[in-house]
Structures are given as C-alpha cells and as structure tokens.
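**Q** Sequence below, structure please.
(one chain, ligands or ions: 1)
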Amino acid sequence: MSKERGNAVSDEKDNPWGLRTDSSRTSNPGFSRETTATEVANSFSNVVQDKTVVVVGVSPQSLGESITMAFASQSPRLLVLASRTMSKIKAVATKVKEQHPNVELQLVEVDLSSFASIREAATQINGIVDKIDILVNNAGVVDTTPRTTKDGLELQFGTNHIGIFFLTNLLMPKILKAAQKSQSKGSTRVVNMTSAGHLISPIRFSDYNFKKRPEDIPEDERPPSRPGMSFDPPPGKTYVPFVAYGQSKTANILMALSISHKLASEGVRSIATHPGSIWTDMSRNLDEEHLEMIKKTGDFWKNLDQGGATSLVAALDPKLAEDKDIIYLADCQVSVPAPHAKDPNAAERLWQLSEEIVGQKFDLGHTSNL
Ligand SMILES: NC(=O)c1ccc[n+]([C@@H]2O[C@H](COP(=O)([O-])OP(=O)(O)OC[C@H]3O[C@@H](n4cnc5c(N)ncnc54)[C@H](OP(=O)(O)O)[C@@H]3O)[C@@H](O)[C@H]2O)c1
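**A** Purely as a prediction, here's the structure:
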C-alpha cells in the first residue's frame, strides 16, 4: 500500500481489480476507502447549501439511502428522491425528516426499465424543480436470469444505462439552467454510479442484447482476458450475467465522458464512481454461484456510509471542475477506468446508439439554448 498525503498513487496490491487511485487531484488527499459520505458532505457543507439535488435509486439499506442522508445533513435547497418503489422512497424520506426536519423533499416514482415511466417521471421532476445542480444516477440492477425491460432491452443494459441515459437527457435543460446560474463553473454535476465490474466488458455494439456467442462478435467487444477468469457462456447459451452487468457499467463511464466533453464549456461535469464493495440489496437477484463470485471480489467491505462517500466527492469537490478528463473515481480519489471505458470514440458511438434506442436525439450543443 502506498497511499500518502499529497501525491499518492495506490499500487495494484490495494485492489484485486487493479484499480489505481491518484490522491493528488482532489481537495482531500486524505480521503480514502474508509471515509464516509457523511464526512465528505460535512467537509463540503458550503457546496451543498442552496443546491437542488436529485438522487435516483433510493431504498433503505442501499447506497441511495446513505447518499441521500449525507446530502440531507448539509441543508440542500431541495432534495428530489426518485426510485422504483414509492414505499421504499417514503421509508428513506421518513428517516431524513426524523434527522433533518427542515430539508425540503419531493418524491417521484420512476421505473428505469420503462420508457413510458421515465418520460412521466421526467415531466414530474421538471415540473417540481427550477434547476438541477446535482444529479446522482445511483440506481442499478444485477441479475443472474436473462430478462428484458418493458421495451425489450437486455435488463441490465436497459436499466443501468439506457434508462439512466434517457432520464438524464430529459432532465438536461434543468441541469443546464443550473450551470448557467452558477457562479462557479463546473460545479453542476451528473454523477453516474458505475462499478469495478466495468472491467469485465466493453460495449457489445454488435450484440448489446446478448443474442450471439462471443466467437460471433468482434474481438474488441469481448471481455478482455483476465488470468484465471472465464466469462464464456455455457455451450449453447449466449447470456453471461456479469458480462451484461459489466457492459452496463462501462456505459455509465462512457456516458460521463460524453457529458463532460459535450458540456465542458457550459460548466457541467459528469463523473462515474465505483463505490467499493458493500453488502446491500444489490445481490437479491443473484443465484448461489454468482453470490459466491461476488464474495471473492471484495478485499475490504465498506459500510453503507463509506459506500456513498465516493459519489459525494464526485458531486461536491470543487477541484474536480478543473479537468474535464476526470471521469472516474474510486475510494474517494481520481482513478483510471479500463481502456474500453475511456475511449472517446466508443463514448460517441454509445451516445448515438442510445439515442437510436430511445428514439430521440439529444444535441447537447442546442439543448444549451433552451
Ligand atoms: N453494493 C456494491 O457493492 C456495489 C458495487 C459496485 C457498484 N454498485 C452500484 O451501486 C448502485 C447502488 O447499488 P446498491 O448496492 O445500493 O444496490 P440496491 O440496494 O439494490 O439499490 C439499487 C437501487 O436502484 C433502484 N432500482 C433498481 N432498479 C430500478 C429501476 N428499474 N428503476 C428505478 N430504480 C431502480 C432500487 O430500487 P428498488 O429497491 O425499489 O428496486 C434501489 O433503490 C448500483 O448502480 C450498483 O451497480 C454497488
């Protein structure tokens, strides 16, 4: 381990997935995998105040809860909680009200696996907020069984990326409005929750719905080889759950890259975050075999408050505004994603594919005039 204050680059022993972090590029080189979301929010208290924050994916015992509680602790102007299950959003809202009675909350139901629901939720949110300073796209699913969204997409790609892409773009005019009003350029943020699982798969442009065998897709769309790991489907099958999850999490990073590059001059930054390993409800749809695989991935298990911390840094640290090429954080510091997740050509190709899939074009250059 070689983390030191000031100019530290962690070595690969720190993380079995080979992630490096550079703590010289944030305001708090001392923040680490042990830092909590509450501590991060507290250290950027003045940044949170007066902000309108939208958190997507909010349930008890989830990272959405710890992220929400951390923002709520520092008096934002308005917190909008959007998620699939209203009873769960209400449970988190009750906890916020108990601990921070003065925080204004709005609750919105959205199913990211349905275009109709996303359109409806976006209309609702756009009607509630004047601007959106911070959008945290935390919602996500992992599933062992091949399933599809209401619109026929592979469930993990459809929910974790396409749903997030569609909702974000429908909210973009309000995000741009916040950027226009902001005194500090780059403080308007879109945070995408990704995962080190992105290392497993690039975007399968020719087969994002998993209809083909790996040998039938281009080599650069297959999982990069990793010693001791095989992600080939069983004979006669095409679906590999963690490859589908990996593709969706690569998409979260490429989308952050696209937004940061397209909207750099408007003052919007987008950063994807790997939260670490945290036991949440995430594993509810995994079978025993895949649960066992997950148990082996973490060398350090964070609690919920620690799990939310990296997303709070991405949302709040003013120093991250300095460089639009910072697109990925892990353990509260700047990190480098896999080559397939930081390729600008892949990002643009994914942007266009996503527009095709949702049937709507989002020319951000023009959206900025709204
Ligand atoms: N936990 C980890 O170790 C870990 C590691 C790496 C990355 N992540 C990422 O962290 C994020 C949060 O995960 P978590 O661990 O907190 O899992 P979680 O407890 O399962 O929370 C996921 C959240 O997403 C919501 N959601 C799922 N499907 C949705 C849909 N179709 N529409 C709207 N909302 C939906 C869930 O709502 P319901 O409860 O109502 O379904 C829940 O609020 C995910 O993006 C995940 O990929 C987690």
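**Q** Disregarding flanking residues, what is the spatial nearest neighbour of the one residue in the stretch 1-150 of the chain that gets nearest to the ligand?
**A** Nearest residue of the stretch 1-150 of the chain to the ligand: residue 140, at 2.4 Å (Cβ to the nearest ligand atom). (Each C-beta comes from the backbone N, C-alpha and C, glycine too.) Excluding the flanking residues, the one nearest residue 140 by Cβ to Cβ, 6 or more residues apart in numbering is residue 160, at 4.7 Å.
**Q** Return the set of buried residues in the strand or helix carrying residue 176.
**A** Under the criterion of DSSP states H and E, residue 176 resides in helix 164-181. Neighbour counts using 16 or more other Cβ atoms under 10 Å place 164-172, 174-179 of helix 164-181 among the buried residues.
**Q** who does it touch, helix- and strand-wise?
**A** The contact analysis (3 or more Cβ pairs under 8 Å, 6 or more residues apart in numbering; DSSP states H and E) places helix 164-181 against strand 52-56, helix 115-128, strand 134-137, strand 188-193, helix 241-262, strand 268-274, helix 344-358, helix 364-367.
**Q** per-residue pLDDT, the nearest residue to residue 328 once chain neighbours are set aside?
**A** Of all residues not flanking residue 328 in the chain, residue 337 sits nearest, at 4.4 Å (Cβ to Cβ, 6+ apart). Listed pLDDT for residue 337 reads 96.
**Q** burial of residue 337, as a residue count?
**A** Neighbour count for residue 337, taken as other Cβ atoms under 10 Å: 26.
**Q** got it, and residue 224?
**A** 15.
**Q** can you pull the pLDDT of it?
**A** Looking at residue 224, its pLDDT is 93.
**Q** Please list all residues in contact with it.
**A** With contact taken as Cβ atoms under 8 Å, 6 or more residues apart in numbering, residue 224 is in contact with 199, 202, 338, 340.
**Q** is it fair to say the second one lies in a helix?
**A** No - the assignment for residue 202 (DSSP: H, G, I helix; E, B strand; the rest coil) gives coil, which keeps it out of a helix.
**Q** Alpha carbons only: can I get the helix holding residue 176 in CSV?
**A** Extracted in CSV, the C-alpha atoms of helix 164-181 (Å, rounded to 0.1, in the frame of the first residue of the first chain):
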residue,chain,number,x,y,z
ILE,A,164,-30.3,6.5,-16.9
PHE,A,165,-29.3,8.0,-20.3
PHE,A,166,-32.9,8.8,-21.2
LEU,A,167,-33.8,10.2,-17.8
THR,A,168,-30.7,12.4,-17.6
ASN,A,169,-31.2,13.8,-21.1
LEU,A,170,-34.9,14.6,-20.4
LEU,A,171,-33.7,16.5,-17.3
MET,A,172,-30.8,18.2,-19.1
PRO,A,173,-32.5,21.6,-19.7
LYS,A,174,-32.8,21.9,-15.9
ILE,A,175,-29.1,20.8,-15.4
LEU,A,176,-28.0,23.4,-18.0
LYS,A,177,-30.1,26.0,-16.3
ALA,A,178,-28.2,25.3,-13.0
ALA,A,179,-24.9,25.6,-14.9
GLN,A,180,-25.9,28.9,-16.4
LYS,A,181,-26.9,30.3,-13.0
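**Q** Just to check, residue 267 is in contact with residue 179?
**A** Yes - the criterion here is Cβ atoms under 8 Å, and residue 267 meets it with residue 179 at 4.1 Å.
**Q** May I see the helices and strands packed on helix 164-181 arranged in JSON lines, with distance to residue 36, mean neighbour count and mean pLDDT as well?
**A** JSON lines is the format used below for the helices and strands packed on helix 164-181 (distance: least, Cβ to Cβ, whole Å; neighbours: other Cβ atoms under 10 Å; pLDDT from 0 to 100):
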{"stretch": "strand 52-56", "distance to residue 36": "17", "mean neighbour count": "26", "mean pLDDT": "99"}
{"stretch": "helix 115-128", "distance to residue 36": "28", "mean neighbour count": "17", "mean pLDDT": "98"}
{"stretch": "strand 134-137", "distance to residue 36": "16", "mean neighbour count": "29", "mean pLDDT": "98"}
{"stretch": "strand 188-193", "distance to residue 36": "17", "mean neighbour count": "28", "mean pLDDT": "98"}
{"stretch": "helix 241-262", "distance to residue 36": "23", "mean neighbour count": "26", "mean pLDDT": "97"}
{"stretch": "strand 268-274", "distance to residue 36": "15", "mean neighbour count": "29", "mean pLDDT": "98"}
{"stretch": "helix 344-358", "distance to residue 36": "31", "mean neighbour count": "17", "mean pLDDT": "98"}
{"stretch": "helix 364-367", "distance to residue 36": "34", "mean neighbour count": "14", "mean pLDDT": "58"}
